[in-house]
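Participant: I would like to see how this sequence folds:
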Amino acid sequence: MITALTIQANGAEVATYQSKEDSRYGFEIYSIIRDHYRSHLTSSAVFDSSKDAEKVGKNVLEQILKLNLNEGRRDLAETLGESASDVQAIVDASKNGR
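Facilitator: Modelled structure (predicted):
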């Protein structure tokens, strides 16, 4: 949930990489936050080409961006109790580039 909130708030992009062990490809969803590369989600290197990895990565990113997280926020807040305000502060700081 926190990863999805962070991805939605920070203009995430997709990059691909190649495994050194078996030359297969994977993807990573990332953002540049406060001039630093922030990895949010990384797949295993299971794709035969960089193009295939990028296609799947972009599809995953698109699905995350479409998520309505409002209900999940309420559930998370109830689960975390008093700590919910700390999580919201983290998300807010992420939106503000802090």
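Participant: helix, strand, or coil at residue 37?
Facilitator: strand (DSSP: H, G, I helix; E, B strand; the rest coil).
Participant: beta partners of it?
Facilitator: In this structure, residue 37 bridges to residue 32 when assessed by DSSP bridges.
Participant: give me the distance between it and residue 15.
Facilitator: 9 Å (CB to CB, to the nearest Å). (C-beta placed from N, C-alpha, C; glycine too.)
Participant: which element is the residue nearest the centre of the chain on?
Facilitator: Nearest to the mean C-alpha position of the chain, counting by CA atoms, centre = their mean, stands residue 40 at 3.7 Å. Taking DSSP states H and E as the criterion, residue 40 maps to strand 36-42.
Participant: so residue 37 and residue 15 - more neighbours on which side?
Facilitator: When neighbours are counted by other CB atoms under 10 Å, residue 37 and residue 15 differ, and residue 15 comes out ahead with 16 against 10.
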